[in-house]
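here is a sequence together with a model predicted from it:
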Amino acid sequence: MDAKKRARKQTRVLAAIRRDLGISGSDKPTEFVCICNAGLMNGLSEEEFLQLFLRFGSVENVIMPTNKSYAFAVMKSVESAVKAVQSINNCETMDRRTLYAAFVDSVPDLRDQCVFDPPPGLDIIEDFLVDEEEEELLAWVDQVSDSKNDLDDSTSFCIITVGSSLKHRRVLHFGYEFNYATNAVDPEKPLPDKAIPKICLKFVKKFPGIDEANLPDQLTVNVYEPGQGIPNHVDTHSPFSGPIFSLSLGSPVVMQFRHQNRPAVQDRSVVLNRKSLTIFRGESRYLWSHGIVPRKLDLVKSRSNVGGVTVLERGRRMSLTFRKVNPSGICNCDYPAQCDYQNSRVGNVEESLEINEDADALERVAEELERNHVLKVYNSIADHFHKTRSKAWPGIVKFLDSLPPHSLIVDVGCGNGKYVSIRPDLTMIGFDVTLGLLRNAQEKGEVFQSDCLAIGARSDSFDAAICIAVVHHFATESRRRLALKEILRILKPGAKGLVYVWAKEQELKNLKSYYLKTRKKNKPISESVPVVEEIFARCEVSSGTVKLPVHKNRSNFKHSDLLVPWTLKKMEDGGFDKPEELNESSKIHHRFYHVFSRGELFRLAETVEGLVIDDVYYEEGNWCLVFSKK
């Protein structure tokens, strides 16, 4: 490479350093030297880098940024720095890399570039095994992974998986097969005659807190050649009980931990030394994912440089991970947002209590939930709600406009009555169970109080019906079905109905609903809806507690059954402002909703005898059903 090309290359590298770290090259000699093509990314250790510079004089510090191909040295004198730059610049290494040396105006402070502290709940017992015990286990793993035959009961070969998803390592399973697609086991499918071998059990019995009652019954053995790894993952909560234990053999490795709820929390790089026992409990077990990056060199804390890092070469490593299978599948950990068991029940009222097979008990729970988190809430926020609900939705106006003049129409759950007077040539009657809303609705037209599940009207009475944003407030499928049956009952044969329910899909065909696009004072939000940490509320009912997620307003729905907050903020004139984020002068009310998934409203309507589905469509975050009565 000629001098001009080398100069251009050096200029580009210095520009990248200025962009990355805000550090500029210096035309005048300084004690700060930058070397390009000699960083951690190139496999150079801190010790090797230090030795390179000690030939030219005293070195006060070396700084090696992670994942970079450059590094810095701080020489004790400018004269020493000049010698280093003159000697190193444009030199070629044995692997034919050209080194570029330059003076810079400063060096970065990278004391916090890596966090080596373990996450909460992770315990590492160094030297849990002695050398002879490690050698015994290494020999056993080699034996069972190299041969399927002639093994006694104490060293039963189980399964070696080298499939497409596990091409980066060799795996053996004992007791139960660990499924890496689900990070779980099937408790109903123990591996016949393949229990944890005796050679391993003698070490397991020395694990802290282990006795015969909670002895692990599943073992996964991973064999890692240098450069192999495992993707970041969390072992699924419900299939296992108690802590997870892992023995490390053969070679140290760095395991990466990542917080699942808060991306801003810095990752942790934890060194797992050979012969150590790692115990995953609490946060480290349930809230942090863990994995091993596939590479041949790891970054570890420097022993000679406070806050510095250096590289550690990997060797052949084996891990033995022990778990206790949980046949019940019940997990009541303190991390419900990450828990498969609690998530499957939290977002579904019918699964939240152990009464889903008792129809009467479930009905009582649903009634209490609706009374406390629908009826009482709307009575409390009626005036505030009225002020925010004045615009008619286009699909509903279109439906009403299609009806012949002088038709008798019922608005089921009419709320503040905004549709009751929308067409003067129609005879419209509305009803609602909420007296607070009816006081506003009576100013618009004829209204009465009634429950949607037992409508106070004769059968076959009305020419058409609308039911807007009502059915999604019922807590069970049977009650939602009953609501449709009651609406159908009071319609004349051949009459039409229109039902709107909130959709779980607030983004369809790459288009966000108006609900996602708006926020306080109707200002548009950014194109990407932020990921938010979930909050859960416990709704006390006579049969126990229903735990439900509290939805973050203007974000996508994660669950089907949930609580949606309504913020009632007092203004100086005694009135109310529009709903907005929580603050000290606000009062929060939680409304229960069941948001409908695609196809769910259609399937529900199909179960109602005498109801003919004319159309199901999506409008601005709502699923809409048009139907006729036979």
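That came through fine.

and T93, what does it touch?
Contact partners of T93, counting by Cβ atoms under 8 Å, 6 or more residues apart in numbering, are N37, A38, L99. The way it works is simple: take the backbone N, C-alpha and C, and place the C-beta from them, glycine included.

for it, give me phi and psi.
Dihedral pair for T93: phi -80, psi 180, per degrees, to the nearest 10.

residue numbering should commence at 350 henceforth.
OK, 350 is where the count begins now, so the last one is T442.

which strand or helix spans K845?
strand 840-851 (DSSP states H and E).

now that strand: how far from the chain's centre is it?
Computed by Cα atoms, centre = their mean, to the nearest Å, the chain-centroid distance of strand 840-851 equals 39 Å.

just the C-alpha atoms of it, please, in PDB.
The C-alpha coordinates for strand 840-851 follow below in PDB (Å, rounded to 0.1, in the frame of the first residue of the first chain):
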ATOM      1  CA  LEU A 840     -85.900  -7.300  17.100                       C
ATOM      2  CA  LYS A 841     -88.700  -8.000  14.600                       C
ATOM      3  CA  PRO A 842     -88.100 -10.900  12.200                       C
ATOM      4  CA  GLY A 843     -86.000  -9.600   9.300                       C
ATOM      5  CA  ALA A 844     -84.800  -6.600  11.300                       C
ATOM      6  CA  LYS A 845     -81.100  -5.600  11.300                       C
ATOM      7  CA  GLY A 846     -78.600  -4.900  14.000                       C
ATOM      8  CA  LEU A 847     -75.200  -3.400  14.300                       C
ATOM      9  CA  VAL A 848     -72.700  -4.200  17.100                       C
ATOM     10  CA  TYR A 849     -69.300  -2.500  17.700                       C
ATOM     11  CA  VAL A 850     -66.700  -3.900  20.000                       C
ATOM     12  CA  TRP A 851     -63.100  -2.900  20.700                       C
END
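
same for that strand, what does it pack against?
helix 743-750, strand 811-817, helix 826-839, strand 971-978 (3 or more Cβ pairs under 8 Å, 6 or more residues apart in numbering; DSSP states H and E).

residues in contact with the helix or strand just after that strand?
Moving toward the C-terminus from strand 840-851, the next helix or strand (DSSP H and E) is strand 856-857. Contacts to strand 856-857, defined as Cβ under 8 Å, 6+ apart, come from residues S862, L865, N905, Y967.

number of nearby residues for the third one?
As a burial measure, N905 scores 17 neighbours (other Cβ atoms under 10 Å).

re earlier: report the buried residues of the strand holding K845.
L840, A844, K845, G846, L847, V848, Y849, V850, W851 (16 or more other Cβ atoms under 10 Å).

which one of the residues you listed sits closest to K551?
For these, the residue nearest K551 by Cβ to Cβ is W851; the value is 58.2 Å.

now do the same for E632: helix, strand or coil?
Here E632 is helix, with the state taken from DSSP: H, G, I helix; E, B strand; the rest coil.

now the helices and strands packed on strand 840-851 in CSV, with mean neighbour count, distance to F945 and mean pLDDT?
Putting the helices and strands packed on strand 840-851 into CSV (neighbours: other Cβ atoms under 10 Å; distance: least, Cβ to Cβ, whole Å; pLDDT from 0 to 100) gives the following:
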stretch, mean neighbour count, distance to F945, mean pLDDT
helix 743-750, 15, 15, 95
strand 811-817, 22, 13, 98
helix 826-839, 19, 9, 97
strand 971-978, 21, 5, 97
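
quick one: closest of those to D584.
Closest among the helices and strands packed on strand 840-851, using Cβ to Cβ: helix 826-839, at 32.9 Å.

restrict the closest one to CA atoms and write it as PDB.
Provided in PDB are the C-alpha atoms of helix 826-839 (Å, rounded to 0.1, in the frame of the first residue of the first chain):
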ATOM      1  CA  GLU A 826     -68.100 -15.400  26.700                       C
ATOM      2  CA  SER A 827     -71.500 -16.700  28.000                       C
ATOM      3  CA  ARG A 828     -72.500 -13.200  29.000                       C
ATOM      4  CA  ARG A 829     -71.400 -11.700  25.700                       C
ATOM      5  CA  ARG A 830     -73.400 -14.300  23.900                       C
ATOM      6  CA  LEU A 831     -76.500 -13.600  26.100                       C
ATOM      7  CA  ALA A 832     -76.200  -9.900  25.200                       C
ATOM      8  CA  LEU A 833     -76.500 -10.800  21.500                       C
ATOM      9  CA  LYS A 834     -79.400 -13.100  22.200                       C
ATOM     10  CA  GLU A 835     -81.300 -10.300  24.000                       C
ATOM     11  CA  ILE A 836     -80.700  -7.800  21.200                       C
ATOM     12  CA  LEU A 837     -82.000 -10.400  18.700                       C
ATOM     13  CA  ARG A 838     -85.000 -11.200  20.900                       C
ATOM     14  CA  ILE A 839     -86.400  -7.600  20.800                       C
END
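
who does it touch, helix- and strand-wise?
Using 3+ Cβ pairs under 8 Å, 6+ apart: helix 826-839 touches helix 708-719, strand 811-817, strand 840-851, helix 949-955.

name the surrounding residues that touch the strand holding K845.
By Cβ under 8 Å, 6+ apart, strand 840-851 touches 742, 744-745, 748, 752, 809-818, 820-821, 833, 836-837, 942, 944-945, 950, 963, 968, 970-979.

what angle sits between it and strand 811-817?
When axes from the mean of the first three to the mean of the last three Cα atoms, to 10 degrees is applied, the directions of strand 840-851 and strand 811-817 differ by 10 degrees.

mind listing the strands strand 840-851 pairs with, and their directions?
If you go by DSSP bridges, strand 840-851 pairs up with strand 811-817 (parallel), strand 971-978 (antiparallel).

for Y525, which non-adjacent residue is spatially closest?
V534 (4.0 Å; Cβ to Cβ, 6 or more residues apart in numbering).

so which of the strands paired with strand 840-851 comes closest to F629?
Here strand 971-978 is closest among those (Cβ to Cβ), at 42.2 Å.

just the C-alpha atoms of the closest one, please, in CSV.
In CSV, the C-alpha atoms belonging to strand 971-978 read as follows (Å, rounded to 0.1, in the frame of the first residue of the first chain):
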residue,chain,number,x,y,z
ASN,A,971,-63.2,-1.8,16.3
TRP,A,972,-64.7,-5.1,15.0
CYS,A,973,-68.2,-4.5,13.7
LEU,A,974,-71.0,-6.9,13.1
VAL,A,975,-74.0,-6.4,10.9
PHE,A,976,-76.7,-9.0,11.3
SER,A,977,-80.4,-9.9,10.6
LYS,A,978,-83.0,-11.8,12.6
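
gap between that strand and the chain center?
Taking mean C-alpha positions (Cα atoms, centre = their mean), strand 971-978 and its chain are 34 Å apart.

ok, now stretch 813-823?
Distance, centroid of stretch 813-823 to centroid of chain: 32 Å (Cα atoms, centre = their mean).

equivalent analysis for stretch 372-389, please.
42 Å.

sounds good, over and out.
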